[in-house]
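> Sequence below, structure please.
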Amino acid sequence: MRRAAVMTTRVIVPTYNERENLESLVARLLALPVAVGVIVVDDGSPDGTGEIADRLAAEHPGRIHVIHRAGKLGLGTAYVAGFHHAIAESADFAITMDADFSHPPEKIPELLAKAETGYDLVIGSRYVPGGKAVECTLPRQVLSWGANTFARVLLDLKAHDTTAGFRCYRREVLESIALDQIFSSGYSFLMEMLYLVQRAGWRVGEVPIVFHNRQQGVSKISRNEVYKALYTVLRLSKRRLVTAISPSRRAG
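Next up is the predicted model:
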């Protein structure tokens, strides 16, 4: 892998009440065999996550940056804030992941290696050969499978895991999309972002991961988020029907 690309990789970690997980996660990220910088986007966590992030940034100057936001403003807008910072730092790649260890940090080198072969967005996927979800309840598995199938069919998405938050974006992809104009702000942002990336003709790939259900803390997925995701798919499906899609390059 090109050293320049490795040295300009930023991992964006949105946080809200993740004090049980953040320090351990950052330690594993900084110990990876590839050099990454970490961008923590904290939404005013009342449990002190933001203060932990500040301490870690002071202990590792230049490798950790903390973005403090006034309150819980949504996962999608947290990603956008992180994207803008990564772009400002001229990062070649921006990786998004959860703070709760549902996404294995040790898979980051594989995401980057796949991107280096010519893919513009690489998704850590539960639904390709070798991938799976463990320690998830049956209702959670059914919900995830149903959401993915619904989105893939209505939006003609090629990726198998459309709701995955473990992703590696090439900087040029982020620069090509009007990030601040994306309508979705919660978990449905993931589906909308994938739709926009594919619609623009960027090449999408996947690598298998083992998704572990949250071990520490409380899940942030609410019933309201499920309704928003349903609305997002229907809204984008309507747009797809009335808009001619002419990708500039083949998505695969």
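> Can you show me the strands along this structure?
Ranges of strands in the chain, per DSSP state E, are 9-15, 37-42, 64-68, 93-96, 121-125, 132-134, 167-170, 204-208, 210-212.
> Show the average pLDDT along the first one.
Regarding strand 9-15, the rounded mean pLDDT is 98.
> so what strands line up beside that strand?
Strand pairing for strand 9-15, using DSSP bridges, gives strand 37-42 (parallel), strand 93-96 (parallel).
> Enumerate the beta-bridge partners assigned to residue 14.
Residue 14 forms beta bridges with residue 41, as assigned by DSSP bridges.
> what's around it, how many residues?
Counted with other C-beta atoms under 10 Å, residues neighbouring residue 14 total 27. To be clear about C-beta, it is placed using only N, CA and C from the backbone, and glycine gets the same treatment.
> can you check residue 59 too?
Using other C-beta under 10 Å, residue 59 has 11 neighbouring residues.
> same deal with residue 146?
11.
> Next: the one 4 residues further on.
Residue crowding around residue 150 was assessed by other C-beta under 10 Å; the count is 17.
> Contacts only, for it.
230, 233 (C-beta atoms under 8 Å, 6 or more residues apart in numbering).
> that older thread, could the strands of the chain be laid out in JSON lines, adding distance to residue 23?
Formatted as JSON lines, those follow (distance: least, C-beta to C-beta, whole Å):
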{"stretch": "strand 9-15", "distance to residue 23": "11"}
{"stretch": "strand 37-42", "distance to residue 23": "11"}
{"stretch": "strand 64-68", "distance to residue 23": "11"}
{"stretch": "strand 93-96", "distance to residue 23": "19"}
{"stretch": "strand 121-125", "distance to residue 23": "22"}
{"stretch": "strand 132-134", "distance to residue 23": "24"}
{"stretch": "strand 167-170", "distance to residue 23": "23"}
{"stretch": "strand 204-208", "distance to residue 23": "27"}
{"stretch": "strand 210-212", "distance to residue 23": "18"}
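> Mind putting the strands paired with strand 9-15 into TSV with distance to residue 112 and mean neighbour count?
Putting the strands paired with strand 9-15 into TSV (distance: least, C-beta to C-beta, whole Å; neighbours: other C-beta atoms under 10 Å) gives the following:
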stretch	distance to residue 112	mean neighbour count
strand 37-42	13	25
strand 93-96	6	26
